[in-house]
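Asker: Okay, sequence plus prediction incoming.
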2 protein chains.
Amino acid sequence: MPTDTPQPSFVLVRPQMGENIGAAARAMWNFGLDRMRVVDPRDGWPNQRAVAMASGAGRLLDEAMLTPDLPTALDDCSFVFATTARPRGLTKPVYTPEQAMKEANARVKAGEKVAVMFGPERAGLENEDIARANAIISVPVNPEFASLNLGQCVLLCAYEWSRQTMSAEPMNYELAGTEWASAIEVEKLANHYEERLEEAGFFFPETKAENMKTNLRNFWSRMPLTRADAQILHGVLRQMVRWKERG
Amino acid sequence: MPTDTPQPSFVLVRPQMGENIGAAARAMWNFGLDRMRVVDPRDGWPNQRAVAMASGAGRLLDEAMLTPDLPTALDDCSFVFATTARPRGLTKPVYTPEQAMKEANARVKAGEKVAVMFGPERAGLENEDIARANAIISVPVNPEFASLNLGQCVLLCAYEWSRQTMSAEPMNYELAGTEWASAIEVEKLANHYEERLEEAGFFFPETKAENMKTNLRNFWSRMPLTRADAQILHGVLRQMVRWKERG
């Protein structure tokens, strides 16, 4: 069963190698997309090489809409993108994957059906295919070296879809079973160091002492310290004092 | 010769399959990155399978820095990212590729040397490797299906680097030898239609006529019309009138 998340369909137009169809399925499902349409695949359907390559994303192939021609595959879609590597002499807006998936997201949210077409491996989409699209997606690659294959193009579009639809998350932090040190804990740590360093004659000469202390406080508060870090740093200092006291 | 564009180095740590090393080189060079470092590759160096797969990006392999261990590869770097699929029980900031490449761009611009580590295909980076990183990059994939391979992970990071460093371009439009219709041309087109439709009794009943005309004007100005489009639309209307006049 496909997920019920509204999303664009990815349409593979006359794909050639089963491996690439499988790779496209994996690329899609990595980013939560599971509506594949397949137009006139060269080696028939189902395709065992595609199934083998898709592994955990095989469901997308089982559920793919298979059509003999492109118009049938696009029948219910109100906005269609065509991916292509180079200008094709057609008057058409050209989107980056980012711009395209932003637009797709807005349209899908508004209840529209959106499709993204990907051409056959060797030659890409024909102008006749592209003429059926509302807009072009072109990945801005190095002009000296443009060698994205079908699976990579699907991957980048799927990634951008996912990026556009995820809520912008703040940066995560893996805390590995500890918590951030609270302000009072950082304060205690700073005090501990300041006191011992004072005893140790660190803040010298007198005229610079205040400035040195401020810098040290600032250092502690700039650090992203966890409770575990604070405990370790207390321990380090205690150990140094113990070592000194042992003489 | 490497390009002189300041950029991060991509460090392949103990890569296994030559094909994947070659695919990583292609993925990088697609987005203008050409600083590869290779740590202790399983099958030695140079690797013929890598060279065959890299094709047009083979220069990256020729110029790659080969090191026997990770510390040597990271020697001159002041900020290091580790790509990893899952939490590793280490306290470390976790970036999306987008956040990471934004950070990398800022640091590289400031003259820092930045590295991004990618682990061996089967198991990924070891905790011992990750401990040498300042931060983690984790691609936010479908939690039900996370199956990015080495080449795909390199591709997404290289793509994000390119996205972060390109000036935000406005959407392009391929115009195929024509130009946008100017306002006066759109005006003439609107007038032409309004006049003929007026004659044809289109604006009826009288009470709604003004509103219908406004809607029609609005339609023409909403359309992204080229000069060629305008000529065609004039032609369509002339032909209809001719057809009518022929009786």
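Answerer: Yep, that arrived. Numbering: from 1, shown residues only, chains lettered A, B, ... in the order given.

Asker: contacts and neighbour counts: CA atoms only from here.
Answerer: Fine.

Asker: In which helix or strand does A:Asn142 reside?
Answerer: For A:Asn142, there is no helix or strand it lies in under DSSP states H and E.

Asker: That one reaches B:Ala27, doesn't it?
Answerer: No - counting by CA atoms under 8 Å, A:Asn142 does not reach B:Ala27; the two are 10.3 Å apart.

Asker: Compare those two (neighbour count), which wins?
Answerer: It is B:Ala27, of A:Asn142 and B:Ala27, that has more neighbours when counted by other CA atoms under 10 Å in any protein chain shown, with 30 against 15.

Asker: Wait, that one touches B:Cys153, no?
Answerer: No - assessed by CA under 8 Å, B:Ala27 is found out of contact with B:Cys153, at 9.3 Å.

Asker: After the helix or strand of chain A with the lowest mean pLDDT, heading C-terminal, what element do we hit next?
Answerer: One helix or strand of chain A scores below all others by mean pLDDT, DSSP states H and E: strand A:172-174, with a mean of 69. Going down the chain from strand A:172-174, the next helix or strand is helix A:183-199, by DSSP H and E.

Asker: Need the residues that contact that following helix.
Answerer: Here helix A:183-199 makes contact (CA atoms under 8 Å, 6 or more residues apart in numbering or on different chains) with A:203, A:213, A:216-217, A:220-221, A:225, A:227, A:230, A:233-234, A:237, A:241.

Asker: residue ranges of the strands in chain A, please?
Answerer: Ranges of strands within chain A are A:9-13, A:36-39, A:65-67, A:79-83, A:92-95, A:114-118, A:135-137, A:172-174, based on DSSP state E.

Asker: tell me how far the second one is from the chain's mean position?
Answerer: Spelled out, that is strand A:36-39. Mean-position distance between strand A:36-39 and its chain equals 24 Å (CA atoms, centre = their mean, to the nearest Å).

Asker: Also stretch A:37-47?
Answerer: Offset of stretch A:37-47 from its chain centre (CA atoms, centre = their mean): 29 Å.

Asker: Would you mind measuring the gap between the ends of that stretch?
Answerer: In stretch A:37-47, first residue to last residue: 14 Å (CA to CA, to the nearest Å).

Asker: Could you check how far A:Leu156 is from A:Thr96?
Answerer: 10 Å.

Asker: Show me what from chain A comes close to chain B.
Answerer: For chain A, the residues in contact with chain B (CA under 8 Å from any CA of the partner chain) are A:26-27, A:29-32, A:56-57, A:87-96, A:99, A:140-142, A:145-148, A:152, A:155-156, A:171-177.

Asker: From those residues, list the buried ones, please.
Answerer: Among the residues of chain A next to chain B, those buried by neighbour count (16 or more other CA atoms under 10 Å in any protein chain shown) are A:26-27, A:29-32, A:56-57, A:88, A:91-96, A:99, A:140-141, A:146-148, A:152, A:155-156, A:174-175.

Asker: can you tell me which of those residues are in helices?
Answerer: If you go by DSSP state H, these have A:26-27, A:29-30, A:99, A:152, A:155-156 in helices.

Asker: ok, of the residues you listed, which one's closest to chain B?
Answerer: Relative to chain B, the closest of these is A:Asn30; by CA to the nearest CA it sits at 5.1 Å.

Asker: where does that closest one land on pLDDT?
Answerer: pLDDT, A:Asn30: 97.

Asker: okay, now the closest residue to A:Asp69 other than its chain neighbours: neighbour count?
Answerer: Leaving aside its sequence neighbours, A:Asp69 sits nearest to A:Val39 (CA to CA, 6 or more residues apart in numbering or on different chains; 5.7 Å). For A:Val39, the count of nearby residues is 22 (other CA under 10 Å).

Asker: any idea how far chain B is from A:Val39?
Answerer: Look at A:Val39 and chain B: by CA to the nearest CA, to the nearest Å, they are 25 Å apart.

Asker: B:Thr67: which of the contacts of helix A:183-199 is nearest?
Answerer: When these are compared for distance to B:Thr67 (CA to CA), A:Leu225 wins out at 33.3 Å.

Asker: doesn't A:Trp180 make contact with the closest one?
Answerer: Yes - in this structure, A:Leu225 is within contact of A:Trp180 by CA under 8 Å, at 6.1 Å.

Asker: higher neighbour count, those two?
Answerer: With neighbours defined as other CA under 10 Å, A:Leu225 and A:Trp180 compare such that A:Leu225 has more, 20 against 15.

Asker: Quick one: residues contacting the more buried one.
Answerer: A:180-181, A:186.

Asker: Can you list the neighbours in contact with stretch A:77-94?
Answerer: Contacts to stretch A:77-94, defined as CA under 8 Å, 6+ apart, come from residues A:74, A:100, A:112-119, A:124-125, A:127, A:130-139, A:146, B:171-177.

Asker: Likewise for stretch A:12-24?
Answerer: By CA under 8 Å, 6+ apart, the residues outside stretch A:12-24 that reach it are A:36-43, A:47-55, A:57-58, A:61, A:70, A:117-121, A:125, A:150-152, A:154-155.

Asker: so where's the longest helix in chain A?
Answerer: Within chain A, and with DSSP H defining each element, the longest helix by residue count is helix A:227-246.

Asker: Packing partners of it?
Answerer: Applying 3 or more CA pairs under 8 Å, 6 or more residues apart in numbering or on different chains; DSSP states H and E, one finds that helix A:227-246 contacts helix A:183-199.

Asker: Give me the distance between the helix it packs on and the centre of its chain.
Answerer: Put simply, helix A:183-199 sits 41 Å off its chain's centre (CA atoms, centre = their mean).

Asker: try stretch A:126-139
Answerer: The answer for stretch A:126-139 is 25 Å, by CA atoms, centre = their mean.

Asker: before we move on, what about stretch A:23-43?
Answerer: Offset of stretch A:23-43 from its chain centre (CA atoms, centre = their mean): 18 Å.

Asker: Any stretches of chain A with poor pLDDT?
Answerer: A:87, A:167-172, A:176, A:247 (pLDDT under 70).

Asker: So it: which segments form each domain?
Answerer: Annotated domains of chain A cover A:9-164, A:183-246 [the TED database].

Asker: okay, those in a markdown table with distance to B:Phe79 next?
Answerer: Shown next, in a markdown table, are the domains of chain A (distance: least, CA to CA, whole Å):
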| stretch | distance to B:Phe79 |
| --- | --- |
| domain A:9-164 | 25 |
| domain A:183-246 | 16 |
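
Asker: out of these, deepest packed?
Answerer: Of all these, domain A:9-164 carries the top mean neighbour count, a mean of 20, counting by mean count of other CA atoms under 10 Å in any protein chain shown.

Asker: so how far does that domain reach from one end to the other?
Answerer: One end of domain A:9-164 to the other measures 16 Å (CA to CA).

Asker: Against A:Met101, how distant is A:Arg107?
Answerer: A:Arg107 is 10 Å from A:Met101, where distance means CA to CA.

Asker: so who does the closest residue in space to A:Asp76 that isn't next to it in sequence touch?
Answerer: Nearest in space to A:Asp76, with sequence neighbours left out and distances taken as CA to CA, 6+ apart, is A:Lys113 at 6.9 Å. Neighbouring residues of A:Lys113 by CA under 8 Å, 6+ apart: A:7-9, A:76-79, A:107.
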